[in-house]
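K.L.:
here is a sequence together with a model predicted from it:
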Amino acid sequence: MTFSLFLASLRKNKKGILLMLVSAVCVAFGQLLWKLSGGSLNLTLLFGFVLYGTGALIMIIAYRYGSLSVLHPFLSVGYGLSVVLGHLFLSETVGILKVIGVIAIAIGVTLIGGGDE
């Protein structure tokens, strides 16, 4: 695949990709709030559900603006964001294997995002 085809795929799916990234961020923050709620029924848990649901709705809308095979993998950006959020808000340890995993996800998502023909 040439670089021009890669860029054309990103341009074709741009709106869908941006919406999927917003969806992944909403879902990751929603899940963080679930964890921070301590499993109790409280505002933190409820706001986590609102963010997660918002992410799901945005994902459904995003599918109107691109190919499923290109857009869906962008949800995995949330995995990388969860590692960062876990470290920042929950003091979770981020070892070299997690860093390598996040880098591998980022590379894979980028390659798939440019793979629409």
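P.N.:
Received the coordinates, thanks.
K.L.:
after the longest helix anywhere in the chain comes which helix or strand?
P.N.:
If you go by DSSP state H, the chain has its longest helix at helix 14-36. Counting by DSSP states H and E, the element after helix 14-36 in chain order, helix or strand, is helix 43-62.
K.L.:
now that next one: average pLDDT?
P.N.:
Mean pLDDT, taken over the full extent of helix 43-62, equals 97.
K.L.:
give me the distance from that helix to the chain's centre.
P.N.:
Here helix 43-62 is found 13 Å from its chain centre; the criterion is Cα atoms, centre = their mean, to the nearest Å.
K.L.:
same deal with stretch 55-71?
P.N.:
That offset, for stretch 55-71, works out to 12 Å (Cα atoms, centre = their mean).
K.L.:
follow-up on the earlier one: what is the longest helix of the chain packed up against?
P.N.:
helix 43-62, helix 68-71, helix 77-90 (3 or more Cβ pairs under 8 Å, 6 or more residues apart in numbering; DSSP states H and E). (Glycine included, C-beta is placed from N, CA and C.)
K.L.:
could you dump these into a markdown table with distance to residue 104 and mean neighbour count added?
P.N.:
Putting these into a markdown table (distance: least, Cβ to Cβ, whole Å; neighbours: other Cβ atoms under 10 Å) gives the following:
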| stretch | distance to residue 104 | mean neighbour count |
| --- | --- | --- |
| helix 43-62 | 23 | 16 |
| helix 68-71 | 18 | 17 |
| helix 77-90 | 10 | 17 |
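K.L.:
and of these, who's closest to residue 105?
P.N.:
Nearest to residue 105, of all the helices and strands packed on helix 14-36, is helix 77-90, at 5.5 Å by Cβ to Cβ.
K.L.:
pLDDT at residue 23, what is it?
P.N.:
Listed pLDDT for residue 23 reads 97.
K.L.:
the one 3 residues further on now?
P.N.:
pLDDT, residue 26: 98.
K.L.:
go on, residue 1?
P.N.:
55.
K.L.:
which ones are touching the closest residue in space to residue 16 that isn't next to it in sequence?
P.N.:
The shortest distance from residue 16 to any non-neighbouring residue, by Cβ to Cβ, 6 or more residues apart in numbering, is to residue 66 (3.0 Å). Neighbour list for residue 66: 12-13, 15-17, 116 [criterion: Cβ atoms under 8 Å, 6 or more residues apart in numbering].
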